[in-house]
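[1] what shape does this take:
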Amino acid sequence: MKEEFLRLLRSTNRDGIENLIDFIEKSDFFKAPASTRFHGNYEGGLLEHSMKVYEIFKEKVSNSCIKIDVPDESLIIIALLHDICKANYYKIDYRNAKNQFGEWEKVPYYTVEDTIPYGHGEKSVMMITEYIKLTVEEKYCIRWHMGFTEPKELYGTIGVAYKKFPLALLMHEADLEATYFFDI
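    All right, here's what the predicted structure looks like:
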């Protein structure tokens, strides 16, 4: 899966993509979970989630009820990198829990260590643009991929963004479907 992820990123031929890939490979992206407890909360969950989002996103765009004309490279960049903000974000800690025999033992779990508190979607945009240039539409798709899980004070803004860039709504839906239909 890692090789396919890297192959797809390289296929975009974006200036700076090799530097971005170098960052990703030096980070914990390929081993990180997708979340601490909601979906993909296991080693490699972030990679698996990103690949599933890409698969669903491509399908949603090709079968959209409105015409969406976007290059494949944009779909790759948006879907595979929407959660890059989770690289170097989770840490393993330990807590006591009862095992199957009712005995207490230390068990690992994921916790958050946010060393760059810049939000979620906006943090991903910031991290990506340190290496490659994003189109405006790509920025909106990544920034608003969390949709209405954002604070309710932003709902009006999200609605305006989705009207302006319907691709962003499809990205949000793909992220939700990967999370809730596939638990990754």
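[2] from here on, contacts and neighbour counts on C-alpha atoms
    Noted.
[3] show me which positions of the helix or strand where E25 lies end up buried.
    Assessed by DSSP states H and E, E25 sits inside helix 17-26. Judged by neighbour count using 16 or more other C-alpha atoms under 10 Å, the buried positions of helix 17-26 are I17, E18, L20, I21, I24.
[4] just send these back as a markdown table, with distance to K133 and pLDDT too.
    Shown next, in a markdown table, are the buried residues of helix 17-26 (distance: C-alpha to C-alpha, whole Å; pLDDT from 0 to 100):
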| residue | distance to K133 | pLDDT |
| --- | --- | --- |
| I17 | 9 | 98 |
| E18 | 13 | 98 |
| L20 | 11 | 98 |
| I21 | 14 | 98 |
| I24 | 16 | 98 |
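[5] which residue packs closest to the residue nearest to the spatial centre of the chain, ignoring adjacent ones?
    Centroid-nearest residue in the chain: D83, 2.4 Å away (criterion: C-alpha atoms, centre = their mean). In this structure, D83 finds its nearest non-sequential neighbour in S124, 6.2 Å apart by C-alpha to C-alpha, 6 or more residues apart in numbering.
[6] I'd like to know the average pLDDT value across the helix or strand containing that neighbour.
    Assigned by DSSP H and E, S124 falls within helix 121-129. For helix 121-129, mean pLDDT rounds to 97.
[7] ok, then the element right after it?
    In N-to-C order, the element after helix 121-129 by DSSP H and E is helix 136-143.
[8] packing partners of that next one?
    helix 72-81, helix 121-129, helix 166-182 (3 or more C-alpha pairs under 8 Å, 6 or more residues apart in numbering; DSSP states H and E).
[9] go with 10 Å
    helix 72-81, helix 121-129, helix 155-164, helix 166-182 (3 or more C-alpha pairs under 10 Å, 6 or more residues apart in numbering; DSSP states H and E).
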